[in-house]
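Asker: Have a look; sequence and predicted model below, questions after that.
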Amino acid sequence: MALSGFRAALSRAMPDPAAALHRLQPGDLRAGEPLPFDLYDGSGRRLLQAGAVIADEAQLEQMLGRGLHCDAERFAALSAAASASGQPAMQPPQVSKVRPWALLRMLRDTLETALPTIAAADAAAPAALGAVRLAGAELQRLCALDPDAMLAVPLLIDGGRYGTRHGIAAAVLVEFMLARLDVSALERRSAVLAALTMNVGMLELQEALYSHQGGLSPAQRDAVIAHPRLGVARLRAAGVDDPLWLTTVGQHHEHHDGSGYPAGLASPALPPSSQVLMVADRWCAMVAARAYRRGAPPDQALQLLLGRLGQQADPRLGRMLSEVVGPTPPGTPVRLASGEHGLVFRRTRDPAAPLVLAFRSAIGIPHPEGVRRATSEPRLRISRPTAGAARTPPPDAAARPRRRACRGTRRHRATSHDCGACRRCAR
């Protein structure tokens, strides 16, 4: 994408209402399979992007009844291709039966070995670079396979080095945000690879900062400022010749108003990929736990980031991040009005009413498999996110001893106690 095309790309995030739309009929789509095209309402407002999954037939029937549309040219092209091959008019992509998180952990383990090899400028760096390229392609495939599962990555990914986890989390957001800008899959691939490798110039320092509290030493500050350029040098030495990949890594700390580093560049000299990565990088860092603190709840992190960005990024990117993650993205631990504690696992048309798996009852009884809750019901609405709560059910939740109930109202208030295992917390 040309550097001057940033604003044009932003304007393409919403279709032209006057563009030709085709109204879909029953049989054109299948529930439970990735959408082959973006879906719009009758006014041209995008409802779902390609790759999203409509959960069940009942939901699909309701949406078709209200009126679902797609780009007429895209529909005609798919229909013509299907007719030429003798297939039904609409043949959505096949869905893998392998769970995305199992593949994601394999991807993480691959990067655990490949990134340090590239950072060390080792003789095996070109081979490691090949593994990173494959990881980027797999990450894009997983985002199309199950968007809700992948949006939970920034909150739920664990194991391995912090730097590896952080790169994967940022890459997921970059993929979804650039897709909203209608950036091509090939250019998104370059940006995803940049997110995975953005910190190869400071891998060891990044791990040290994971447990570091307080300000940086002069040497640490110099290393942080230099790491984008060093990262570009390491990637070039490994064999990267993709200009967008290298530019995005080198400029992912530059700001819209020129206040960033290392070169102090400003728009329009910055490509969309570097600005999107800057925003994704910061939000993922805020919601991720460190050795000395818990991760911020997603809604609080979003509000803080939007307030801090100021002139550092195009305001439309902040709004786009809000649309992608919402106040409670999948993976958010929440407490319901019923007193139950659970985990958001799927978005709905109402950003404030996602589907939740409840893992603990109001009186502390565990549900190891989780109980589905529709938070659109008033009695099951989300009361608040619960930062630092267990984000996944323990392997044997039934065997875990219950926490001691809090003792007394005064202590309960003084410690902001929220054990979930006593009647006071249940209220």
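Answerer: Good, I have the coordinates. Values in this document were obtained by computation on a predicted structure and should not be read as measured data.
Asker: from here on, contacts and neighbour counts on C-alpha atoms
Answerer: OK.
Asker: For the stretch 201-350 of the chain, which segments count as strands?
Answerer: Assigned by DSSP state E, counting those that start in this stretch, the stretch 201-350 of the chain shows strands spanning 333-336, 341-346.
Asker: who does the first one pair up with?
Answerer: So the one you mean is strand 333-336. strand 341-346 (antiparallel), strand 382-385 (antiparallel) (DSSP bridges).
Asker: coming back round to it: I'd like the strands of the stretch 201-350 of the chain as CSV, with mean neighbour count and mean pLDDT appended.
Answerer: Converted to CSV, those look like this (neighbours: other Cα atoms under 10 Å; pLDDT from 0 to 100):
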stretch, mean neighbour count, mean pLDDT
strand 333-336, 26, 94
strand 341-346, 26, 92
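Asker: so which of the ones you listed gets nearest residue 299?
Answerer: Nearest to residue 299 among the strands of the stretch 201-350 of the chain is strand 333-336; the distance by Cα to Cα comes to 11.5 Å.
Asker: Extract the residue ranges of the stretch 1-150 of the chain that are flagged as low pLDDT.
Answerer: For the stretch 1-150 of the chain, the stretches with pLDDT under 70 are 1-19, 32, 55-58, 82-98.
Asker: any chance you could map the strands in it?
Answerer: Ranges of strands within the stretch 1-150 of the chain are 21-23, 39-40, 46-48, 69-71, based on DSSP E, counting those that start in this stretch.
Asker: Was I right to think residue 270 contacts residue 250?
Answerer: No. In this structure residue 270 lies outside contact range of residue 250 using Cα atoms under 8 Å: 10.5 Å.
Asker: hang on, the earlier thing: quick one: closest of the strands of the stretch 201-350 of the chain to residue 185.
Answerer: strand 341-346 (24.2 Å).
Asker: Need the contact partners of the closest one.
Answerer: Residues outside strand 341-346 that contact it (Cα atoms under 8 Å, 6 or more residues apart in numbering): 148-149, 152, 328-336, 354-362, 370, 391-392, 420.
Asker: Same question for stretch 193-211.
Answerer: Contacts of stretch 193-211 (Cα under 8 Å, 6+ apart): 115-116, 118-119, 132-133, 136, 161-164, 167-168, 170-171, 174, 220, 223-224, 226-232, 234, 245-246, 248-250, 252, 277, 290-292.
Asker: go again using 6 Å as the cut-off
Answerer: With contacts defined as Cα atoms under 6 Å, 6 or more residues apart in numbering, stretch 193-211 is touched by 119, 136, 167, 168, 171, 227, 230, 231, 245, 249, 290, 291.
Asker: tell me the mean pLDDT for the strand or helix carrying residue 194?
Answerer: Residue 194 is part of helix 185-197 when elements are defined by DSSP states H and E. The average of the pLDDT scores along helix 185-197 is 97.
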